[in-house]
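Chemist: Fold the stuff below for me.
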Amino acid sequence: MKRIIDGKTYNTETATKVADAPWDEDWPEVFTTLYQTRHGAFFTHYGGETPQGDAYENIKPLEPQDAKTWLENNNFVDEVEKLFGEQPEAGEQDSRITVRIPDSLKTRIEGLAAANKQSLNAWIMRCLETCANAQSQSR
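Modeler: As a prediction, the model looks like this:
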């Protein structure tokens, strides 16, 4: 399908199909597909059949944030991260601190982190959480 909207062409034949999703479980014959044009614009191509049996289809341009939301709402996690980068883990915002430690201690904790199959950062963060929780409970 090809449409010109606001002076821009949206063409399902030349765009890249990003993902397909059913519109509604009660209407399996209705479809929506997310596309990305060669120049990076997103649009959905959607359509189906009305309860009266009339077929329809259309194209709707999307802003990048709307395309991301569409992917998130339809559980296309890999596509979100492919197009929009790795998403932050849920929780509080990170802060950065610098701690100076002896090289010998650094070597020891790197070994402990590796033995636990964790990154050094994750291992240190868990240690700090454990210590902070113990201190909080002892008061």
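Chemist: which stretches of this protein form helices?
Modeler: Here the chain has its helices, by DSSP state H, at 64-73, 77-84, 103-115, 120-137.
Chemist: out of those, nearest to residue 19?
Modeler: helix 77-84 (5.4 Å; CB to CB). Bear in mind the C-beta positions are built from the backbone N, C-alpha and C, glycine included.
Chemist: so where's this protein uncertain?
Modeler: Applying pLDDT under 70 to the chain flags residues 22-29.
Chemist: Spatially, what comes nearest to the residue positioned nearest the centre of it if we skip its sequence neighbours?
Modeler: The chain has residue 80 as the residue nearest its centroid, 3.5 Å off, counting by CA atoms, centre = their mean. Nearest non-adjacent residue to residue 80, counting by CB to CB, 6 or more residues apart in numbering: residue 71, 4.7 Å away.
Chemist: what about the one you found, neighbour count?
Modeler: Residue 71: 23 surrounding residues under other CB atoms under 10 Å.
Chemist: Now do the contacts for it.
Modeler: Residue 71 makes contacts with 18, 19, 34, 79, 80, 83, as judged by CB atoms under 8 Å, 6 or more residues apart in numbering.
Chemist: Name the nearest of these relative to residue 42.
Modeler: Within the contacts of residue 71, proximity to residue 42 (CB to CB) peaks at residue 34, which comes in at 6.6 Å.
Chemist: wait, that closest one sits on residue 42?
Modeler: Yes. Counting by CB atoms under 8 Å, residue 34 does reach residue 42; the two are 6.6 Å apart.
Chemist: and for those two, which residues touch both?
Modeler: Residues touching both residue 34 and residue 42 (CB under 8 Å, 6+ apart): 18, 62, 67.
Chemist: Identify the residue nearest the last one in space, chain neighbours excluded?
Modeler: In space, and not counting its chain neighbours, residue 67 is closest to residue 42: 3.7 Å by CB to CB, 6+ apart.
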